[in-house]
Structure formats: C-alpha cells, structure tokens
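**Q** What would the 3D arrangement of this be:
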Amino acid sequence: MTIFGRPPTYPFGGMAVGDTSTLPAPTPADVKRIARNASQYGQRHDKVFRCRTDRQTRLMTITRAR
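**A** Predicted structure coming up:
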C-alpha cells in the first residue's frame, strides 16, 4: 500500500477522546498557529480539542475533548 502526500504535521487525526499530545511552542506565533490549526481541524472533522501552554517550558498540551 502506497500513501501519497505529505505526512501530517500534527497528530490530530489519530487522537481518541481523552488523548493528549505535547508540542513545542517556543514563540507566541507558534502558540497561536498550533491552537488555530487544532480549532480548524476540529471544526472540519466534528472534533473538539483543548490547548494549554506552559509558559515556563514553552510546551503546548493538546487534549481531545470530543
């Protein structure tokens, strides 16, 4: 089986309800971009994601809520 196209940047497609994923977000622009991408993916695929950023470590934790 051959898969075409670019590999996914974010793990939103493979997340089940309650799963979490942690991504580095070193700049405020990265925080905004990742949160926007999670929101858009959720709207397009009828899923809900919550994003939380730890300001000390600059890591964003994404949780699938629904």
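**Q** quick one: low-confidence parts of this protein?
**A** Low-confidence regions of the chain, defined by pLDDT under 70, span residues 1-2.
**Q** Which stretches in it count as helices?
**A** 28-45 (DSSP state H).
**Q** so what's the most centrally placed residue in the chain up against?
**A** The residue lying closest to the centre of the chain (Cα atoms, centre = their mean) is Ala38, at 4.7 Å. Going by Cβ atoms under 8 Å, 6 or more residues apart in numbering, Ala38 touches Tyr10, Phe12, Phe49, Cys51, Ile62. The way it works is simple: take the backbone N, C-alpha and C, and place the C-beta from them, glycine included.
**Q** For Ser39, see how far away the second one is.
**A** In this case it means Phe12. Distance of Phe12 to Ser39, given as Cβ to Cβ, to the nearest Å: 10 Å.
**Q** any common contacting residues for these two?
**A** Phe49.
**Q** more neighbours, the two?
**A** Between Phe12 and Ser39, Phe12 has the larger neighbour count (other Cβ atoms under 10 Å), namely 20 against 13.
**Q** Pull up the gap between that one and Thr27, please.
**A** Taken as Cβ to Cβ, the span from Phe12 to Thr27 is 21 Å.
**Q** got the end-to-end distance for stretch 50-58?
**A** 16 Å (Cα to Cα, to the nearest Å).
**Q** And it, what's buried?
**A** Using 16 or more other Cβ atoms under 10 Å as the test for burial, stretch 50-58 gives Cys51, Thr53.
**Q** Excluding chain neighbours, what is closest to Thr53?
**A** Met60 (4.8 Å; Cβ to Cβ, 6 or more residues apart in numbering).
**Q** Tell me the bridge partners for that neighbour.
**A** Leu23, Thr53 (DSSP bridges).
**Q** pretty sure it is touching Asn37, no?
**A** No: contact criterion Cβ atoms under 8 Å: Met60 and Asn37 do not qualify, at 10.9 Å.
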